[in-house]
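Asks: Starting from these lines, generate the structure:
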Amino acid sequence: QVQLVESGGGLVQAGGSLRLSCAASGISFSDNNVAWYRHAPGKQRELVALIDKYDAANSPDVVKGRFTISRDNANNTAYLQMNDLTPEDTAVYYCNTLGTWTHAGTYWGQGTHVTVSS
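Replies: Model prediction:
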């Protein structure tokens with residue numbers, strides 16, 4: 001059974017940083033693409049970072065230069081380092097795997113809330 005468990009969300013002031021973690025079981029992150037999505041109230045879910053099985057990482061322009069995805073294969077954990085946060089980054093952040101840049105994968109975590117105050 002595949003499980004993805006996110007952690008690290010919370011309340012932070014604008015300009016601050018957070019690091020989210022996604023611990024996986026039942027699937028090997030090293031063999032698969034891993035992504036972070038977010039879903040803000042009243043908005044569509046959006047991809048914010050993806051790292052492929054070759055360790056190539058990318059992010060959309062809206063977060064590029066501020067968000068960095070990484071992966072620790074030994075601990076089967078993925079991370080999302082978020083810097084220079086703004087209130088527009090407030091959302092529930094989800095870990096996802098087996099997807100591509102254009103399509104979300106099969107497995108999702110339960111999400112972790114990030115709230116950025118102005």
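Asks: C-alpha only now, for contacts and for neighbours.
Replies: OK.
Asks: Contact partners for Asp31?
Replies: Contact partners of Asp31, counting by CA atoms under 8 Å, 6 or more residues apart in numbering, are Lys53.
Asks: tell me the pLDDT at it?
Replies: Here, the pLDDT recorded for Asp31 equals 93.
Asks: same question, the one 4 residues further on
Replies: At Ala35 the predicted local confidence, pLDDT, stands at 98.
Asks: helices and strands of this structure: which one has the lowest mean pLDDT?
Replies: strand 57-58 (a mean of 94; mean pLDDT, DSSP states H and E).
Asks: Output the contacting helices and strands for the helix or strand just after that strand.
Replies: Once the chain leaves strand 57-58, the next helix or strand it forms, by DSSP states H and E, is strand 67-72. Secondary-structure packing of strand 67-72 (3 or more CA pairs under 8 Å, 6 or more residues apart in numbering; DSSP states H and E): strand 46-51, strand 57-58, strand 77-82.
Asks: Could you identify which of those is most buried?
Replies: With neighbours taken as mean count of other CA atoms under 10 Å, the helices and strands packed on strand 67-72 reach their highest mean count in strand 46-51, at a mean of 22.
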